[in-house]
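A.B. asks: Take this sequence and fold it.
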Amino acid sequence: MKIGVLGSGQLGRMLAIAAYPLGHQMSFLANSDKEPCSCLGVSYISSENSNAFDDLAKNVDVVTYESENTNVNIVEDINKKTTVFPGIKSLYISQHRGREKALFNKLNIPCAPHQMVNSVEELYMAVDKIGLPAILKTATEGYDGKGQFVINSKTQLKEAWKSMDGVETILEGFVDFKRELSLIAVRGADNSHAYYPLVENTHHNGILRVTIAPAQNISSKLQKKAEQYMRSILDEMDHVGVLTIEAFETANNLVVNEIAPRVHNSGHWTIEGAHTSQFENHIRAITKSPLGDTDCNHKFCAMINIIGEHGAVDKVLEVKNAHLHLYGKDERKDRKLGHITLTADTINDLEKSLAALEDFMP
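C.D. replies: Now for the predicted structure:
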């Protein structure tokens, strides 16, 4: 099939690498011809061609997207000309934190206490209801810790609201959690489902830095609970493709934080660590092919993000069971330039490999 991707970053790049062995062709909607996907398919340059969206839609069989921040109106227009997976409902809900929380409440999925805020007066009222500490977030557009303000005292409320530049926001109460987890799953157009194991994520300055897969000491009960939440979300949205849940593990439960209707940074380990990567399974789903096996290839896996500077990447190639993935991007503060995946059959081997690559971690 001919597959179009709205976006041309590293996620589109890895989707293409997974799609070509399956016989598919790729096209991308790009801002320039110097993005990570520039050599991996036909690029329709939106900044130079006002008809780029139409041209893409007319020349592909199915369209998918890299980011939940994709314009819904554009996707609705494209969907009149060709199939878009995941569907518009998935995009519409996941790009707005308030709509996400409303979905969780509808499905009885635990999430942080929250309240929408549209003025500093409403912020004061929300704090009285939810309490402090809390975090004020933009309702849309935020990622990698951007568009957020942690509030510890009422003396910060005016500053917090000012930092939001008057946009719609949501106040979320803090969750007392043990660790951050995520679950990646895929749903086919025929309502088939497949789930990867829960993984543990470590963030620094709001950016994912390390993922351990599978997360250690996860009970089968917790894995099943996460899959239950995931299935209810997938089916409610009639989602086709990969979807990610980010969650907090608390003393007694799993509290869902947000969803992403796409392949996800915390699933990059699946390229070498699972029988079928998240990227291949997304391609399989949107092309209505059978879903692939999501079991792990190794007992222990990890993913390290390369952020800001490439560093001594040759050192990665010296480490046993380390796999280097660079995205062809220029260095810039806090930019995701690539990642390293590690596979091991013992926890000792994994820890040795992580130690050898400590220069890539904060």
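A.B. asks: how close does the closest residue to Asp55 other than its chain neighbours sit to Val63?
C.D. replies: When the adjacent residues along the chain are set aside, Asp55 lies closest to Tyr44, with 5.3 Å between them (Cβ to Cβ, 6 or more residues apart in numbering). All C-beta spots, glycine's among them, are computed from the backbone N, C-alpha and C. Separation of Tyr44 from Val63 (Cβ to Cβ, to the nearest Å): 11 Å.
A.B. asks: next one: the helix or strand containing Ile78 to chain centre, how far?
C.D. replies: For Ile78, the element it lies in under DSSP states H and E is helix 72-79. Mean-position distance between helix 72-79 and its chain equals 21 Å (Cα atoms, centre = their mean, to the nearest Å).
A.B. asks: Buried residues of that helix, list them for me.
C.D. replies: Residues of helix 72-79 classed as buried by neighbour count (16 or more other Cβ atoms under 10 Å): Val75, Ile78.
A.B. asks: go on, stretch 166-178?
C.D. replies: Under 16+ other Cβ under 10 Å, the buried positions of stretch 166-178 are Thr169, Ile170, Leu171, Glu172, Gly173, Phe174, Val175, Phe177.
A.B. asks: and the closest residue in space to the first one that isn't next to it in sequence, what is it in contact with?
C.D. replies: When the adjacent residues along the chain are set aside, Thr169 lies closest to Val117, with 4.6 Å between them (Cβ to Cβ, 6+ apart). The contact partners of Val117, by Cβ atoms under 8 Å, 6 or more residues apart in numbering, come to Leu123, Ala126, Leu136, Trp161, Glu168, Thr169, Ile170, Leu171.
A.B. asks: count of neighbours near the closest residue to the last one other than its chain neighbours?
C.D. replies: This means Leu171. Leaving aside its sequence neighbours, Leu171 sits nearest to Ala126 (Cβ to Cβ, 6+ apart; 4.3 Å). Residues near Ala126, counting by other Cβ atoms under 10 Å, number 23.
A.B. asks: so which helix or strand takes in Ala126?
C.D. replies: helix 120-130.
A.B. asks: Check which helices and strands that helix sits against.
C.D. replies: Applying 3 or more Cβ pairs under 8 Å, 6 or more residues apart in numbering; DSSP states H and E, one finds that helix 120-130 contacts strand 114-117, strand 134-138, helix 157-163, strand 169-173.
A.B. asks: One more pass at 7 Å, please.
C.D. replies: strand 114-117, helix 157-163, strand 169-173 (3 or more Cβ pairs under 7 Å, 6 or more residues apart in numbering; DSSP states H and E).
A.B. asks: Alpha carbons of it, as PDB, please.
C.D. replies: Extracted in PDB, the C-alpha atoms of helix 120-130 (Å, rounded to 0.1, in the frame of the first residue of the first chain):
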ATOM      1  CA  VAL A 120      -6.500  33.500  37.400                       C
ATOM      2  CA  GLU A 121      -9.800  33.700  39.400                       C
ATOM      3  CA  GLU A 122     -10.700  30.200  38.300                       C
ATOM      4  CA  LEU A 123      -7.100  29.100  39.300                       C
ATOM      5  CA  TYR A 124      -7.700  30.300  42.800                       C
ATOM      6  CA  MET A 125     -10.900  28.300  43.000                       C
ATOM      7  CA  ALA A 126      -9.400  25.200  41.500                       C
ATOM      8  CA  VAL A 127      -6.500  25.300  44.100                       C
ATOM      9  CA  ASP A 128      -9.100  25.600  46.900                       C
ATOM     10  CA  LYS A 129     -10.800  22.500  45.600                       C
ATOM     11  CA  ILE A 130      -7.800  20.400  44.600                       C
END
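A.B. asks: That concludes my questions; thank you for your assistance.
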